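> What follows is a predicted protein model with its sequence.
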Amino acid sequence: MSGKWVLRIEDKDYAATLEQLRAWVTEGRVQPQFYVFNPTLDRWAYAKEIEELKPQFLAFVQSRQRHGSSICTACGKVGNPITHTKGSIFIELVLWLCFLIPGILYSLWRMTTKEKVCRYCRKASLIPINSPQGQQILARTI
Ligand SMILES: [Zn+2]
């Protein structure tokens, strides 16, 4: 257990103790696809494949999941969706007051085009975080 752990980030190597590495993973500074040198096994491996770091990765993923139930396929952020309604309430009111039929049509259009969107990038690209694709995106972004 005397050997040093090494974290490789963009061709730079950082020596660290296992405790430091664990803290970095918990803080989200170590990404799963970073290379880590495991002195116990005397070889390099992806951070996500190192048994000693798995509990920390799991804890980090769980802390991310507390932010919401959905993940955005466009920006990779975790959050609950918000409802986006097209058009404006002002136009809707004017139409209702001046022209009843266009008002009804406009209201119908607004109602039917309502969609759940990402609160960060406003795109309708949210998927459940628990889906296989959601888990994949999460693993890529942490
Ligand atoms: Zn987004």
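Great, that's in hand.
> In terms of secondary structure, what does the helix-or-strand element of the chain with minimal mean pLDDT contact?
Least confident helix or strand of the chain, by mean pLDDT, DSSP states H and E, is helix 132-141 with a mean of 80. Other elements packing on helix 132-141 under the criterion 3 or more Cβ pairs under 8 Å, 6 or more residues apart in numbering; DSSP states H and E are helix 54-65, strand 70-72, strand 126-128. The C-beta positions use only the backbone N, C-alpha and C, and glycine is treated the same way.
> Other residues contacting it?
32-33, 48, 61, 64-65, 70-71, 73, 76, 78, 127-129 (Cβ atoms under 8 Å, 6 or more residues apart in numbering).
> give me that answer again for 7 Å
Contact with helix 132-141 is made by 32, 61, 64, 71, 73, 76, 127-129, as judged by Cβ atoms under 7 Å, 6 or more residues apart in numbering.
> Would you write a PyMOL line that selects the buried entries of these?
In PyMOL syntax, the buried subset of the contacts of helix 132-141 is picked out as below (16 or more other Cβ atoms under 10 Å):
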select buried, resi 32+61+64+71+73+129
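> quick one on the thing from earlier: what I need now is the helices and strands packed on helix 132-141 written out in TSV, including mean pLDDT for each item.
Putting the helices and strands packed on helix 132-141 into TSV (pLDDT from 0 to 100) gives the following:
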stretch	mean pLDDT
helix 54-65	83
strand 70-72	91
strand 126-128	90
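> The ion contacts on this structure?
Proximity of the chain to the ion, by Cβ under 5 Å from the ion, involves residues 72, 74-75, 118, 120-121.
> what's the farthest-apart pair in these?
Farthest-apart pair in the residues of the chain next to the ion is Ala74 and Tyr120; separation 8.8 Å (Cβ to Cβ).
> Next step: the residues of the chain next to the ion restricted to strands.
Secondary structure assignment by DSSP state E places Cys72 of the residues of the chain next to the ion in strands.
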